[in-house]
Each structure stands twice: as structure tokens, then as C-alpha cells.
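S.K.: coords please:
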Amino acid sequence: MRPTALSDVEIQRALGTLHGWTRRNDALVKTFSFPTFANGIAFVGRVATIADGMDHHPDIDIRYTKITMALSTHSAGGITELDLKLANAIDEEADARG
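M.R.: Sure thing, here's the model as predicted:
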């Protein structure tokens, strides 16, 4: 079954439960900060493993110690439940490692 894009109301409701995530056009976006470049890269590696397990992959922008994740389901043309699940999983990973 192909995922379907959430409505604007559903996205706004979901943003109320996601700490630090914002909507930028048709994507959920959050920037994470790390004490060192290596810590940020290690986080990206852990997120890659999570994303592979979900078969749903974020766009990742690496700027030294700042890692920005953008989540969108391109095949649905917007934000779907898959993006919300991945956002929560990424947050759990970030929280687990401090």
C-alpha cells in the first residue's frame, strides 16, 4: 500500500507532539547539534541504520557539528505517517545518546 500525504491539520497536530521539528514546505525538519564533528557523524550512522530498517530515508545536511534532517515521503508528495515514525525514532536515538 502506498502511503498518503497527511492533511495540514494532521501535520499541525503531529508537530505538537514532536519536540523541535518544524514544517518546511512538504517536509519535517530538525537540526541537531553535537559537541564534535565525529559525534555528529556517528549520529548520522545510527540514523542510517534506523532508516534502512524502516526503508524510509531522510535527507541529511551536515554542517560541521550541526546535522539537519528533512523527512518527506516523495512518492506521496508530502509528509506521511512514515515521516512521523522516523522523526520519533530519530529523536529517541538522539535522546538515548544525550
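S.K.: remind me what the helix ranked longest in the chain packs against, helices and strands.
M.R.: Secondary structure of the chain per DSSP state H: the longest helix is helix 37-54. The helices and strands touching helix 37-54, judged by 3 or more CB pairs under 8 Å, 6 or more residues apart in numbering; DSSP states H and E, are strand 59-63, strand 66-71, helix 81-96. All C-beta atoms are positioned from the backbone trio N, CA, C, and that covers glycine.
S.K.: okay, now I62: neighbour count?
M.R.: Using other CB atoms under 10 Å, I62 has 13 other residues around it.
S.K.: same deal with D95?
M.R.: By other CB under 10 Å, 9 other residues sit near D95.
S.K.: which ones are touching the residue nearest the centre of the chain?
M.R.: Among the residues of the chain, the one closest to the centroid is A87, at 4.0 Å (CA atoms, centre = their mean). Contacts for A87 (CB atoms under 8 Å, 6 or more residues apart in numbering) come out as L18, W21, L28, K30, M69, L71.
S.K.: let's see that with 10 Å instead.
M.R.: Neighbouring residues of A87 by CB atoms under 10 Å, 6 or more residues apart in numbering: 14-15, 17-21, 28-30, 58, 69, 71, 79.
S.K.: can you tell me which of these are in helices?
M.R.: Among the contacts of A87, the members found in helices (DSSP H) are A14, L15.
S.K.: between the contacts of A87, which is nearest L6?
M.R.: The closest of the contacts of A87 to L6 turns out to be I79 (CB to CB; 5.3 Å).
S.K.: that older thread, tell me the mean pLDDT over the longest helix of the chain?
M.R.: When pLDDT is averaged along helix 37-54, the result is 97.
S.K.: try stretch 88-98
M.R.: 88.
S.K.: residues contacting that stretch, please?
M.R.: 14, 17-21, 28, 30, 32, 34-35, 39, 42-43, 46-47, 49-51, 53-54, 56, 58, 67, 69, 71.
S.K.: hmm, back to that, from the chain's centroid, how far away is the longest helix of the chain?
M.R.: A distance of 11 Å separates the centroid of the chain from that of helix 37-54, by CA atoms, centre = their mean, to the nearest Å.
S.K.: and stretch 68-84, by the same measure?
M.R.: Centroid displacement of stretch 68-84 relative to its chain, using CA atoms, centre = their mean, is 8 Å.
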